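>>> take a look and give me a structure for this.
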Amino acid sequence: EMRLVESGGGSVQAGGSLTLSCVASFSYNPYAMAWFRQGQGKGREGVAGIDTEGNTNYADSVKGRFTISRDNSKNTMYLRMNNLKPEDTAMYYCAADGPLYGLAEYRYKRWGQGTQVTVSS
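From the prediction side, this is the model:
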């Protein structure tokens, strides 16, 4: 069974940057992957997705600030987050095996445990 392990979260000030990583345990990963986030007291929302060919999809709230990428040779997906804002504070989750478009929690089958991102003003 595929395991997804996130890393790279932390605490930064507004305007700062972080890069999240997600390593998939499968040696062969044919799935689209995505990043979701869940702020305190909020539902889990899709942030960005990427398919095996490198096509990407972003939530409007992060367009121009976040960049999703993947290295298939390393079974790793990344999320580069620039110009972070306090409203980006959330637990960030890696997900796999779902659609590239229409990022919704119920449509993704495999999940990591999450990594916390905290942005202070």
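
>>> now do the contacts for the residue lying closest to residue 24 once chain neighbours are set aside.
Nearest residue to residue 24, sequence neighbours excluded (CB to CB, 6 or more residues apart in numbering): residue 75, at 4.5 Å. Bear in mind the C-beta positions are built from the backbone N, C-alpha and C, glycine included. Listed by CB atoms under 8 Å, 6 or more residues apart in numbering, the contact set of residue 75 reads 23, 24, 25, 26, 27, 29.

>>> how close does residue 75 sit to residue 108?
Going from residue 75 to residue 108 by CB to CB, to the nearest Å gives 17 Å.

>>> which residues of the protein fall in strands?
In the chain, the strands defined using DSSP state E lie at 4-7, 10-13, 18-24, 33-38, 45-50, 56-58, 66-71, 76-81, 90-96, 110-111, 115-120.

>>> ok, the spatially closest residue to residue 13 that is not a sequence neighbour - contacts?
Nearest residue to residue 13 in three dimensions, chain neighbours excluded: residue 120, at 5.5 Å (CB to CB, 6+ apart). Residue 120 makes contact with 11, 12, 13, 14, 86 under the criterion CB under 8 Å, 6+ apart.

>>> nearest to residue 112, of these?
Closest approach to residue 112 among the contacts of residue 120 (CB to CB): residue 11, at 19.7 Å.

>>> what's the pLDDT at the closest residue to residue 91 other than its chain neighbours?
Excluding the flanking residues, the one nearest residue 91 by CB to CB, 6+ apart is residue 114, at 4.3 Å. Looking at residue 114, its pLDDT is 97.
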